[in-house]
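Chemist: Need a 3D model of the sequence below.
(one chain, ligands or ions: 1)
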Amino acid sequence: MKDIFVATGGRPLKGSIRVHGAKNAVLPLLAASILTDEAVAVDDCPFISDVDAMTCLLTRMGAQVERMGRRICVRAKDVMPAEDMKELCGAMRSSMFLLGALLARQGEVRVPLPGGCKIGDRPLDIHLDGMAKLGAEASVSAGEVHCRCSRLKGADIVMRYPSVGATENLLLCAAVAEGRTRLINCAREPEIIALARALNAMGGRVRGEGSSVITVDGVDKLHGATLVPDPDRIVAGTLILAVALLGGDVTVFGASKRDLDSLLPYVCSPDMRASADGAGVRVVCDGGRMRAFEACTAPYPLLATDMQPQLFACALKARGVSRITETVFRNRFAHARQFEKMGAKIYLTGSTATIVGVDALRGAALKADDLRGGAGLCLAALAAEGESRIEGVEYIDRGYEGLEETLSLLGADIRRVRVDEK
Ligand code: EPZ
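Modeler: Residues are numbered from 1 along each chain as shown. Down below sits the predicted model:
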């Protein structure tokens, strides 16, 4: 048996919803808990499978892990690489954050090459180059990453690309390295700021987070703390786009003005009104046809690649021809083929998708191939005439806490159904 979503388009969204803690902040915060043998609590953790897999990984490595509602407590007194790490790491990319934490903690780590979404090759050269600069011997062979270093020593590390994961791994190493490390051309995402703040709450000495140069003065020991991630800006953005596309009046608690401002340049239609205050964002829209737009993903603070499939869904019925260029991942247009089953007109040329807006989309049998692509399919299905069946729900569940429940609570006709594996 497996879960699919069944969705029928045509209904506006109404009501309010609170966004859970950010998946891409919670995962590195959980990894940071390995850097101390004291208890670390991470609050507002979403009930999603990537977090479950990470807590399972930590448990199998010997950490004490306890989940009480949205709070996860980790006490990594005795940690050893789990025998079956391979199986779990194969399922999720975020196990890569354990690379830095385990190297810093144990001086040696073997992590199977991670699996993850099929959105393009996921090399690790920036991670390993940085670790080598900190004094580690780092190599990849036979599907395994092997790093070893008796004592990490601070260094200047110029990153060839502001990789989010590499910035996080190197932050975790630098926090307890000897001396000063500067990460130059590092990632600036809010999740980096969250990790820097967490390390400082644990006694670390990190500054410059959010800019392109982070300076870390290593400390001998980190202590326990309670860490609070920001709300998930990608989930918030997904819901903001859902209202813009489907129409309605929705308040997204936990969404910030920054989340709204990052999307308004693309989806503002004549009748859409949006406002933000300290608690959240309210979007009112009568679901009229959006104007076509041009968009290009890039590292923060520019348009997030994790919003690309959802924005793509908004372009399908826009008035005119839209263009979306994906510059972060090489192969993040798998959803285009699915949209074409619904009658969308799409031309892919390299990293650019040209989308000719159509008057209507029709429901179809769709298959999600990755997490955010799956969210995009849900939005398009709810903007289509008739019923759609969406497979690949397991991808969506990696990063959205019951996306179908959230949308149906807001009035959408979408439900989870158990069906036979075909
Ligand atoms: C993080 O992935 C996020 N995942 C991704 O979100 C997000 O799309 C991505 O950052 C970009 O913002 C988590 O935080 C768990 P990168 P990460 O290293 O760290 C290349 C989601 O849907 N690269 O910034 O893997 C890489 O191939 C997920 O929540 C190298 O070439 O992303 C990619 O093209 C999907 N060498 C680009 O950089 C390296 O050593 C960006 O990757 C590392 C990366």
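Chemist: Could you use CA atoms for every contact and neighbour count after this?
Modeler: Noted.
Chemist: which residues touch Thr406?
Modeler: Taking CA atoms under 8 Å, 6 or more residues apart in numbering, we find Thr406 in contact with Ile17.
Chemist: Same check on Leu241?
Modeler: Going by CA under 8 Å, 6+ apart, Leu241 touches 263, 267, 310-311, 314.
Chemist: Show me what residue of the stretch 301-422 of the chain gets nearest to the ligand.
Modeler: Nearest residue of the stretch 301-422 of the chain to the ligand, counting by CA to the nearest ligand atom: Phe329, 4.0 Å away.
Chemist: Near that residue, how many other residues are there?
Modeler: When neighbours are counted by other CA atoms under 10 Å, Phe329 registers 15.
Chemist: Which helix or which strand is home to it?
Modeler: In this structure, Phe329 is located outside every helix and strand according to DSSP states H and E.
Chemist: Now it. Its backbone dihedrals?
Modeler: Main-chain dihedrals, Phe329, degrees, to the nearest 10: phi -120, psi 150.
Chemist: Show the pLDDT at it.
Modeler: According to the predicted model, the pLDDT of Phe329 comes to 94.
Chemist: I'd like to know how far it sits from Gly9.
Modeler: 30 Å (CA to CA, to the nearest Å).
Chemist: now swap in Thr352 and tell me
Modeler: 28 Å.
Chemist: who's more crowded, the two?
Modeler: Using other CA under 10 Å as the criterion, Thr352 and Gly9 rank with Gly9 on top: 23 against 16.
Chemist: Report the contact partners of the closest residue to that one other than its chain neighbours.
Modeler: Spatial nearest neighbour of Gly9, chain neighbours left out: Leu382 (3.8 Å); criterion: CA to CA, 6 or more residues apart in numbering. Counting by CA under 8 Å, 6+ apart, Leu382 touches 7-11, 246, 412-414.
Chemist: Gly165 too?
Modeler: 96-97, 127.
Chemist: And for the nearest residue to Lys153 once chain neighbours are set aside, the neighbour number?
Modeler: In this structure, Lys153 finds its nearest non-sequential neighbour in Glu178, 4.7 Å apart by CA to CA, 6+ apart. Glu178 is flanked by 18 other residues according to other CA under 10 Å.
Chemist: and what of Lys345?
Modeler: 18.
Chemist: quick one: it and Val358 touch, right?
Modeler: Yes. Counting by CA atoms under 8 Å, Val358 is a contact partner of Lys345 at 7.1 Å.
Chemist: Need the residues touching each of those two.
Modeler: In contact with both Lys345 and Val358: Leu316, using CA under 8 Å, 6+ apart.
Chemist: Distance from stretch 202-218 to the middle of the chain?
Modeler: 22 Å (CA atoms, centre = their mean, to the nearest Å).
Chemist: And the ligand, is it touching that?
Modeler: No. Judged by CA under 6 Å from any ligand atom, stretch 202-218 makes no contact with the ligand; its nearest approach is 13.6 Å.
Chemist: contacting residues around that stretch?
Modeler: 154, 171, 174-190, 192-193, 196-197, 199-200, 219, 221-225.
Chemist: try 7 Å
Modeler: Residues from elsewhere that reach stretch 202-218, judged by CA atoms under 7 Å, 6 or more residues apart in numbering: 174-190, 192-193, 196, 200, 219, 222-225.
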